[in-house]
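K.L.:
got a predicted structure here, sequence first:
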Amino acid sequence: MWLPGVLVAAAAALLAGIAHAVFPALPLLTLAVTFGIVAGNLPVAHRALTGVLSPGLKLAATRFMRIGIVLLGLKLSLVDILGLGWVTIMTTVLIVLLTFVGTYWLGRTVRLPGRQPILIATGFSICGASAIGAMSGVVKAKDVDTATPIALVTLCGTLAIAVLPVLWHPLGLTDLQFGHWVGAGVHDVGQVVATAQIAGPAALAVAVVVKLTRVLLLAPIVAVIAVGERRRETRVATVTDAPVSRPPLVPLFVAGFLAAVLVRTFAPLPDAVLAGADTVQTYLLAAALFGLGAAVNLGSILRTGGRALLVGLTSWTLIATLALAAVQLP
């Protein structure tokens, strides 16, 4: 029975929305995943979360996540992205690819277990916990493999909200350069907004467009990984003579995301429709992230997560450094 878990996830998303309204500097999605992590590590809640609530929380973490990512496409207009100019677009793409490959390589080098290397690489290079949730379904990651990357990207994204503004003026960045740096170097969309807004509306606008350019790269990267998974499943089936169970070349939610981007770009949607879709998307992702956060076992991560923490902090430093170099290009 999935209804109790879905209701709890929805209630947690609503609570995160209320907390965000009271404390606007705290991103709603970061609050949602934090609530999930806290709930998942309370002994009094453990039995319910792993028992009667488990089916609904898993449904929220998968179905709600995918629907939310489809609706996220309605935030992306190709016209806005092209307005950044080719230098900014190409450096943003390069930063994402270098961070993804570098983080994945480091994760494999230090022998992180299971699918953690690719999930950490996805979350840190593209769009935080939402990207991790999207990729985990494609690579069929176990909950234990998903939990550590989510905890790490939440921690580092929250640190970015505090650290980057402190470095703004000492680095000699203009308001627009700061917004560009935040958009290119901070993980979650909400964390980008929380960090860039202190530099004014112009910096915030640049930060959001640069960030959404990174989000757009979720589709091709997930599609490429899906192709790799198909080939891997085929090889395994050939060797073991087992039935072939291959993921689709392009996951349905990725196709939906791209379709939503095209609709946003070419269809004159009313502001009310866009605002409504944005609200629905935000709360669907909040409910999904609560479900993902509830699977995080901090005790297990603290006992075994030293290498994962090293990879996460290194990836955070890498993307922030690459983004800083990009904004200072002539």
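P.N.:
Good, I have the coordinates.
K.L.:
state the mean pLDDT of the helix or strand containing residue 164.
P.N.:
In the assignment (DSSP states H and E), residue 164 maps to helix 143-168. Taken as a whole, helix 143-168 has a mean pLDDT of 87.
K.L.:
other SSEs contacting it?
P.N.:
Applying 3 or more CB pairs under 8 Å, 6 or more residues apart in numbering; DSSP states H and E, one finds that helix 143-168 contacts helix 28-40, helix 116-122, helix 128-138, helix 175-185, helix 189-196, helix 271-293, helix 298-304, helix 306-327. No exception for glycine: its C-beta is placed from N, CA and C like everyone else's.
K.L.:
and the helix or strand that the fifth one is followed by, what does it pack onto?
P.N.:
Meaning helix 189-196. Downstream of helix 189-196, the next assigned helix or strand under DSSP H and E is helix 201-216. On a contact count with 3+ CB pairs under 8 Å, 6+ apart, helix 201-216 meets helix 78-82, helix 86-109, helix 175-185, helix 189-196.
K.L.:
closest to residue 15 out of those?
P.N.:
helix 189-196 (15.4 Å; CB to CB).
K.L.:
contacts for that closest one, please.
P.N.:
Contacts to helix 189-196, defined as CB atoms under 8 Å, 6 or more residues apart in numbering, come from residues 24-30, 127-128, 130, 157-158, 160-161, 164-165, 178-179, 182-183, 186, 203-204, 206-208, 211-212, 215.
K.L.:
from residue 11, how far out is residue 57?
P.N.:
Relative to residue 11, residue 57 is positioned 12 Å away (criterion: CB to CB, to the nearest Å).
K.L.:
now do the buried residues in the helix or strand bottoming out on mean pLDDT in the chain.
P.N.:
One helix or strand of the chain scores below all others by mean pLDDT, DSSP states H and E: helix 298-304, with a mean of 71. Buried residues in helix 298-304, counted by 16 or more other CB atoms under 10 Å: residue 301.
K.L.:
before we move on, what about stretch 9-27?
P.N.:
Per 16+ other CB under 10 Å, stretch 9-27 contains these buried residues: 9, 10, 12, 13, 16, 17, 19, 20, 26, 27.
K.L.:
nearest to residue 321, of the residues you listed?
P.N.:
Of the buried residues of stretch 9-27, the one sitting nearest to residue 321 (CB to CB) turns out to be residue 27, at 22.9 Å.
K.L.:
which ones are touching the closest one?
P.N.:
20, 161, 188, 190, 191, 193, 194.
K.L.:
give me the pLDDT for the closest residue to it other than its chain neighbours.
P.N.:
Leaving aside its sequence neighbours, residue 27 sits nearest to residue 190 (CB to CB, 6 or more residues apart in numbering; 2.9 Å). Among the per-residue scores, residue 190 holds a pLDDT of 83.
K.L.:
how many neighbours does residue 190 have?
P.N.:
24 (other CB atoms under 10 Å).
K.L.:
from residue 107, how far out is it?
P.N.:
Residue 190 is 25 Å from residue 107, by CB to CB.
K.L.:
may I have the predicted confidence score for the residue nearest the centre of the chain?
P.N.:
With distances taken as CA atoms, centre = their mean, the residue of the chain nearest its centroid is residue 128 (2.6 Å). Residue 128 carries a pLDDT value of 86.
K.L.:
OK, contacts around it?
P.N.:
29, 153, 154, 157, 187, 188, 189, 191.
K.L.:
let's see which of the buried residues of stretch 9-27 end up in helices.
P.N.:
Taking DSSP state H as the definition of helices, the buried residues of stretch 9-27 contribute 9, 10, 12, 13, 16, 17, 19, 20.
K.L.:
pLDDT score assigned to the fifth one?
P.N.:
What it means is residue 16. On the pLDDT scale, residue 16 gets 95.
K.L.:
that one and residue 35 touch, don't they?
P.N.:
Yes. Counting by CB atoms under 8 Å, residue 35 is a contact partner of residue 16 at 6.1 Å.
K.L.:
so what's in contact with these two at the same time?
P.N.:
residue 290.
K.L.:
related to what we said a few turns ago, a markdown table for the helices and strands packed on helix 143-168, including distance to residue 93?
P.N.:
Converted to a markdown table, the helices and strands packed on helix 143-168 look like this (distance: least, CB to CB, whole Å):
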| stretch | distance to residue 93 |
| --- | --- |
| helix 28-40 | 24 |
| helix 116-122 | 15 |
| helix 128-138 | 15 |
| helix 175-185 | 10 |
| helix 189-196 | 17 |
| helix 271-293 | 24 |
| helix 298-304 | 32 |
| helix 306-327 | 11 |
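K.L.:
no further queries at this time; thank you.
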